[in-house]
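Student: Quick one, what's the 3D model for this:
(one chain, ligands or ions: 1)
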Amino acid sequence: MTFDADIIIAGTGPAGLMTAEQAAARGLKTIVLEKRERVTDSLMGELVTDKALRFLRVKPSSEYIGNKYTRIIGESLDTGANIIVDRTHLGNSYLLDEDKCQELMRDRAISHGAEFRYRSRVSSVIKEDKQVVGLRYNKDDEVRGPLSVGADGSFSRVSETAGFTHPKWLLSYGYRFKLVGCKDIDPDTAYFYVGKDVGLGYLWLYPRSESEINLGIGRVPSSKHNWERLPPMRDVLRKYMKTHPETQNARIGSVNGGVVPCAGIIPRFTNAGVSLCGNAAGQVSSIVGGGVTTCFHAGIMLAKHAKRMADEGDYSSKSVGRYEKEYRSTKIANNISNTGKGMWAVSKFAMHNDPIAAAELVLGGKLDAKVLNELIQGHAGVSTIMTLVSEFLPMVMKISVGYMKSVAISGV
Ligand SMILES: Cc1cc2nc3c(=O)[nH]c(=O)nc-3n(C[C@H](O)[C@H](O)[C@H](O)COP(=O)(O)OP(=O)(O)OC[C@H]3O[C@@H](n4cnc5c(N)ncnc54)[C@H](O)[C@@H]3O)c2cc1C
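Tutor: All right, here's what the predicted structure looks like:
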C-alpha cells in the first residue's frame, strides 16, 4: 500500500501541534488536518508551570510568556476566606501567549517539512483488516498513513470511529473572557475562586499586566438538576466584573470556551495504526483542568514512538501500544489518574452533598497550602495523608472510597 505520509494528525491544539513539531523534526513525513482556518485564535489554555516551558523549549523571559506569578490565592467568593500558595510549594507559574506558542510550534513543524491542511474536518478513521490506515475528512477526501493520531479534542471523531470509549467520561465546561482596561491589578498573583454561583469548579483570574487579565470559569455538572440551578457561566463572570472595582470599567477583548475531560486517562487509547493524544485520551490534570503541559508531554512521547514504529515498520496494536505502556508508567500519567479518580469521586459526592461547604472548610484555614497543592497536583505524600486522616476524616469518608484510594495510591 502506498501512503501519503508517515503520520497523520487530526487537530492543532497543544497535543496535535507538539506531536507534529516533534514528528517532523524526527524526519517523519507529517500531515496535519485542522477543521479551523488557522492554528491561532483558539483556546489553548495559558496558565502553566515551568515544566511546560521546558517541553516547549522557551525561556521565561521570551516573547512566548505573557506573565509570571509568585503566588496563587484560592478564595471563596461568598465569604472571602482564602489560602495562599506561594512559590515554595508551587514552583513558578506562567501565563503563556497562546497565539505565539501555537505559531511557534506550527512554524517549527513546517520548517521540518510538515504539511498543514486547514478547513479539513475529520469524519472518521479508514480501517482495513482491523488496522487504521488513514483518515477521512470533509466530504470525500482521505489521506492515508500507517499511523493516525486523534488530537482532535474532547469530542474526538478519531476516538469515536476507532472505537475507543471511557465508561466514566466526565466533562468540565469552561468559558473565558480576555479583559482589557482593568485597573490596579496585582500582576504577580493569580486567583482561583470557589463559590455557590460557581458550582463544582472554579472561577479564575490570571493577570497579564496591571490592566489585562484572563477571567474564566470552569464547572463540572454533577447532575442535570444541580447544573440547572446554577446561573449561566457568562453571568457569573459578568457579576464578578461588576462587583470588583478592578474590572468594573474593563472591556471584553475576546471570548472563548471549551470542554475538558476530567475523569482521567481513558482505559485504552492505542490500537493498530492509531493513537489518541491530549484531551481525546483524557490526558488532562483533572482537578484543575490543566491540559497544556500534559498535552506537550504526551505529544513528545508519541512522536518518539512514531519514529520507532517507522524504523521498525511495525504499526501493529502491540507496537503502537508500547507508547501507551510507556506513557502510563510516567509520573504525569500517574498524577492524572489519581486526580481523575478524585474528581470522579467528588462529582459523585456533589450529586447529594454541597461541595462548596467542603471547599469552605478547606479555605477556612484547616488545610495548609502544601497539602492543598499536593492534592491538586495528585502527588500527595504520606504526611499529607496523615493530615487528611486526622483533620478531615468525616469529610474524606463522605467524599468516598474512590477519593481515599486516589490519595493513598499517590502516597506510595
Ligand atoms: C476555558 C478553558 C481554559 C483553560 N485554561 C487552561 C490553562 O490555563 N492551562 C492549561 O494547562 N489548560 C487549560 N485548559 C485546558 C486545555 O486548554 C486543554 O486541555 C488543551 O487545549 C487540550 O489540547 P488538545 O490538543 O488535546 O485539544 P484541543 O485544544 O481541544 O484542540 C483540538 C483541535 O482539534 C480540532 N478539531 C476538533 N475536531 C476536529 C475534526 N473533526 N477535524 C479536524 N480538526 C478537529 C480543533 O479545532 C482544535 O484545533 C483550559 C480549557 C478551557 C476550556
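
Student: what's the domain layout of the protein?
Tutor: When the chain is parsed into structural domains using automatic domain parsing, the resulting residue ranges are 7-46+98-168+263-329, 66-92+171-261, 337-411.

Student: can you list the ones you listed in a markdown table and add mean pLDDT?
Tutor: Shown next, in a markdown table, are the domains of the chain (pLDDT from 0 to 100):
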| stretch | mean pLDDT |
| --- | --- |
| domain 7-46+98-168+263-329 | 96 |
| domain 66-92+171-261 | 92 |
| domain 337-411 | 59 |
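
Student: Any idea which of those domains gets closest to the ligand?
Tutor: The stretch from these with the least distance to the ligand (Cβ to the nearest ligand atom) is domain 7-46+98-168+263-329; that distance is 1.7 Å. C-beta: built from backbone N, CA, C; applies to glycine.

Student: Between the two ends of the closest one, what distance do you get?
Tutor: Taking Cα to Cα, to the nearest Å, the first and last residues of domain 7-46+98-168+263-329 lie 24 Å apart.

Student: ok, it near the ligand or not?
Tutor: Yes: contact between domain 7-46+98-168+263-329 and the ligand is present through 10-16, 33-36, 42-46, 121-122, 151-153, 157, 278-280, 284, 289-293, 295 (criterion: Cβ under 6 Å from any ligand atom).

Student: Strands - which of the residues you listed land there?
Tutor: Per DSSP state E, strands hold the following members of those: A10, L33, V122.

Student: Could you identify the buried members of the residues of domain 7-46+98-168+263-329 next to the ligand?
Tutor: 10-16, 33-35, 42-46, 121-122, 151-153, 157, 278-280, 284, 289-293, 295 (16 or more other Cβ atoms under 10 Å).

Student: So which residues of the stretch 101-250 of the chain form strands?
Tutor: For the stretch 101-250 of the chain, the strands identified by DSSP state E, counting those that start in this stretch occupy 115-117, 122-128, 131-137, 141-144, 147-150, 171-180, 189-194, 201-207, 213-219, in order along the chain.

Student: Tell me which residues touch the most centrally placed residue in the chain, please.
Tutor: Within the chain, one residue has its C-alpha closest to the average C-alpha position: by Cα atoms, centre = their mean, that is G291, at 1.8 Å. G291 is in contact with P14, A15, G45, V260, G278, N279, Q283, V284, S285, counting by Cβ atoms under 8 Å, 6 or more residues apart in numbering.

Student: start to end distance for stretch 61-72?
Tutor: With Cα to Cα applied, stretch 61-72 spans 20 Å between its terminal residues.

Student: Oops, could you answer that again for stretch 226-236 instead?
Tutor: Terminal residues of stretch 226-236 lie 16 Å apart, using Cα to Cα.
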